[in-house]
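After the sequence you'll find the predicted model.
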Amino acid sequence: MQTISSISLAGGQGKTTVVLFLARFLAQQGHTVLVVDADPQSSLTTFLGFQVEPDSPTLLEVLKREVNPSDGIYETKYPNLFLIPSDDALDKVQDYLAGSGTGALTLKRRLKTVESLFHYCIVDAPPQRSQICLTVIGASDGLVIPVEASVKGLQSLIRTLELLGELKQEDEEFGGQILGIVPFRDRWVGLRRTNESQSNIESMQQITTDWFGQDLVLPSIRESEKFKQAINKGLTLHEMGQEDLAYPIEVLATAIEKLEGQKK
């Protein structure tokens, strides 16, 4: 099982959107996919139309070893797609992870018991530096960094890269390979990208070149109501006839397949 996490240290960067459409795309390709909602805001759980019932195990109970991981996994209404949900109680796990001594490896160890059941695991991380965020990074084979095409997005990108750099300094093997930066809410007017989006995406390219010696920016997710419509209708972009909007997700899926090939 390849574990891919979507991480950005600010809200509104497109983390959940990337996880949702990537997971559904991979599932439609015939892969068995587990999605993990590691954000206490639980947007991914909501977008998948899942209602957490009282006393039903969630990621909180899985991380605290109160249930077997398999007992916290639920079928979704989509073929090949399964979910470990969250709710706002997930915040309670912070102290547990901090006090365990190996909290950064907790999610990785919990997922290991179910890794033979799935081809991919896609994790939605919380939008802040926290114990939950660290354990998500620690479980990852690959990392995707969605970044809004705005000044706020650039600040989030820098903070995210700084965090990953700090973690790599402490342990080179901690966390996964950065698969790419995905610009989010890329604004276009007609056939032209706005000057603001163009400037911010060029800044992303320069930042990643300065950090890594290469441009890691992938094709952008355009600002469009079609994403919200697809979520509300429970459809993929392909099912809505929006193949052009789906292209960044396809490129990201290809990057994941290449990562898998490198691991073999």
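Noted; the coordinates are in hand.

Grab the nearest non-local neighbour of residue 227.
Closest residue to residue 227 in three dimensions, ignoring its sequence neighbours and counting by C-beta to C-beta, 6 or more residues apart in numbering: residue 17, at 6.1 Å. Where C-beta positions appear, they are placed from N, C-alpha and C, glycine not excepted.

who's in contact with stretch 223-243?
If you take C-beta atoms under 8 Å, 6 or more residues apart in numbering as the criterion, stretch 223-243 is touched by 17, 20-21, 24-25, 28, 47, 49, 77-78, 185-188, 221, 245-246, 249.

what is the mean pLDDT for the helix or strand where the residue nearest to residue 227 lies?
For residue 17, the element it lies in under DSSP states H and E is helix 15-28. The average pLDDT for helix 15-28 rounds to 95.

List of residues touching it?
With C-beta under 8 Å, 6+ apart, helix 15-28 has contacts from 4, 6-8, 33, 35, 39, 43-44, 47-48, 78-81, 119-120, 122-125, 127, 144, 146, 182, 184, 221, 227, 230-231, 236-238, 246, 249-250, 252-253, 256.

Just the buried residues from the contacts of stretch 223-243, in ChimeraX please.
In ChimeraX, a selection of the buried entries from the contacts of stretch 223-243 looks like this (16 or more other C-beta atoms under 10 Å):
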select :17,20,21,24,25,28,47,78,185,186,187,221,245,246,249
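
Run through the helices of the protein in chain order.
For the chain, applying DSSP state H gives helices covering 15-28, 43-47, 59-63, 93-99, 106-112, 131-138, 151-170, 195-212, 225-233, 243-263.

how far is the first one from where the chain is centred?
Computed by C-alpha atoms, centre = their mean, to the nearest Å, the chain-centroid distance of helix 15-28 equals 9 Å.

Between helix 225-233 and that helix, find me the angle.
With axes from the mean of the first three to the mean of the last three C-alpha atoms, to 10 degrees as the basis, helix 15-28 and helix 225-233 are set at 70 degrees to each other.
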